[in-house]
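**Student:** My questions concern the predicted model and sequence given below.
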Amino acid sequence: MPLQRDFYARNTLVVAKQLLGKVLVRKSKVGIMKGIIIEVEAYKENDPASHSYRGPTKRNAVMYGPPGHAYVYFCYGNHWLLNFVTEKEGTAGAVLIRAIKPTKGIDLMKKNRGKEDLKNLTNGPGKLTKALAIDGKDNGIDITHGNLYVEEGIKPKEIHKSTRIGIKAGTDRKWRFFVKENELQ
């Protein structure tokens, strides 16, 4: 059963940490794919690394909308990236899903990526979206039901934190949270 809106309608940092160990589900016409969320990054309105830092734009409008929606954007002209909108409506916040541990539909993920290597199948935000066939058409969809959602999973033994990857501003904030696969219960 998908996590409901109240899960996402909270402080972005809390949501980010609590997404670890949850299961990301993607239903497609050819099958269901699932994976345990093992790495995320948090982005808040007052964060110079966030798309929302300078206020609402056409690109980031989803971040200001209701929580529990997907914010999907194209990065570096190369990859789609998946975020989940957090906070209350009108306050921008989002959690970037950086990596999952595949658990179901692995052959379909491999086909979508054109790769056989399980270790490197979904261990980056661009790899993850390609494996799960997520792109711009998913921007703004409600993730509390439908073909893309998060469901309960397992509790990580330990949550690690570090600075976020690939940013130039806000580098002092340790808002990247991850769990090592061997630390999943």
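**Tutor:** Received it, and whenever you're ready, just let me know what you need.

**Student:** Once you drop chain neighbours, what's closest to the residue nearest the centre of the chain?
**Tutor:** The residue lying closest to the centre of the chain (Cα atoms, centre = their mean) is Ile97, at 2.3 Å. Counting by Cβ to Cβ, 6 or more residues apart in numbering, Leu82 is the residue found nearest to Ile97 once chain neighbours are left out, at 4.8 Å. Glycine gets a C-beta too; all of them are placed from N, C-alpha and C.

**Student:** try Val179
**Tutor:** Nearest non-adjacent residue to Val179, counting by Cβ to Cβ, 6+ apart: Pro156, 3.9 Å away.

**Student:** which strand residues sit across from the one you found in the sheet?
**Tutor:** Listed beta-bridge partners, Pro156: Leu184 (assigned using DSSP bridges).

**Student:** can you pull the pLDDT of it?
**Tutor:** In the prediction, the pLDDT value recorded for Pro156 is 93.

**Student:** measure it to Phe7 for me?
**Tutor:** Pro156 is 17 Å from Phe7, where distance means Cβ to Cβ, to the nearest Å.

**Student:** Repeat that for Asn112.
**Tutor:** Distance, Asn112 to Phe7, by Cβ to Cβ: 27 Å.

**Student:** ditto for Met33
**Tutor:** As defined by Cβ to Cβ, Met33 lies at a distance of 21 Å from Phe7.

**Student:** Comparing the two, which residue is more hemmed in?
**Tutor:** Between Met33 and Phe7, Met33 has the larger neighbour count (other Cβ atoms under 10 Å), namely 24 against 20.
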